[in-house]
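Enquirer: Need a 3D model of the following:
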Amino acid sequence: MTANAPASATIAHMVYFTLKEPSSGAQQKLMDDCRRYLKEIPGIAFFAVGPRVADLERSVNVRDFHIGLHVVFNSRKAHDDYQVDSRHQQFIAENKETWQQVRIFDCVIA
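Expert: Okay, the predicted model is just below:
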C-alpha cells in the first residue's frame with residue numbers, strides 16, 4: 001500500500017550517510033553537527049544519530065553507510081517545515097561536501 005501522508009501523520013525520516021573519508025573524526029564531526037543543527041528544530045518527537053554497528057554482518061544487513069540519522073516528526077507539516085528550516089539548510093551547506101552518498105527513507109508510522 002502506498003499513500004500520501006495526511007497533515008496529521010507521524011513521519012519517520014531515516015537518513016543514511018556514506019562519507020567520502022570515513023575516519024572516526026569525520027564520523028564524529030557529522031554526528032556532532034547533526035546534534036548541533038538539527039536536534040532542536042520544532043516538531044521533532046524523536047531524534048537519534050549514530051554510527052553503523054560494525055559487527056552486525058548478517059546477509060540482510062546493509063553495510064554501505066557510516067552514520068544513521070533517525071528523526072520522527074509529530075506531523076507532516078513538522079517534516080515539511082524541517083526541510084526548509086535555516087538550521088537544516090546550514091547543516092547541509094556545511095557537510096554536503098563530505099558525503100559520498102545520502103539515502104533517505106520517509107515512512108508514515110503509527
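Enquirer: Locate Gly68 within the secondary structure: which element?
Expert: Under the criterion of DSSP states H and E, Gly68 resides in strand 67-73.
Enquirer: cool, His13 as well?
Expert: Assigned by DSSP H and E, His13 falls in strand 10-19.
Enquirer: what pairs with that strand, and is each one parallel or antiparallel?
Expert: strand 67-73 (antiparallel), strand 99-109 (antiparallel) (DSSP bridges).
Enquirer: How far off centre is it?
Expert: Strand 10-19 sits 3 Å away from the centroid of its parent chain (C-alpha atoms, centre = their mean, to the nearest Å).
Enquirer: now stretch 88-105
Expert: Using C-alpha atoms, centre = their mean, the mean C-alpha position of stretch 88-105 is found 9 Å from that of the whole chain.
Enquirer: and that stretch, how far apart are its ends?
Expert: 17 Å (C-alpha to C-alpha, to the nearest Å).
Enquirer: Can you point out the buried residues in it?
Expert: Phe91, Asn95, Thr98 (16 or more other C-beta atoms under 10 Å). C-beta coordinates here come from the backbone N, C-alpha and C atoms, glycine included.
Enquirer: I figured Ser8 hits Phe73, correct?
Expert: No. In this structure, Ser8 is not within contact of Phe73 by C-beta atoms under 8 Å, at 11.1 Å.
Enquirer: Any chance you could list what contacts the longest helix along the chain?
Expert: The longest helix of the chain (DSSP state H) is helix 24-38. For helix 24-38, the external contacting residues (C-beta atoms under 8 Å, 6 or more residues apart in numbering) are 17, 19, 47, 49-51, 66-67, 69, 71, 82, 87-88, 90-91, 94-95, 98.
Enquirer: who's more crowded, Ser8 and Phe73?
Expert: Taking neighbours as other C-beta atoms under 10 Å, Ser8 and Phe73 compare with Phe73 leading, 26 against 9.
Enquirer: Would you mind measuring from the closest residue in space to His70 that isn't next to it in sequence to Ser59?
Expert: Using C-beta to C-beta, 6 or more residues apart in numbering and skipping residues adjacent in sequence, the residue nearest His70 is Ala48, 4.6 Å away. Ala48 is 25 Å from Ser59, where distance means C-beta to C-beta, to the nearest Å.
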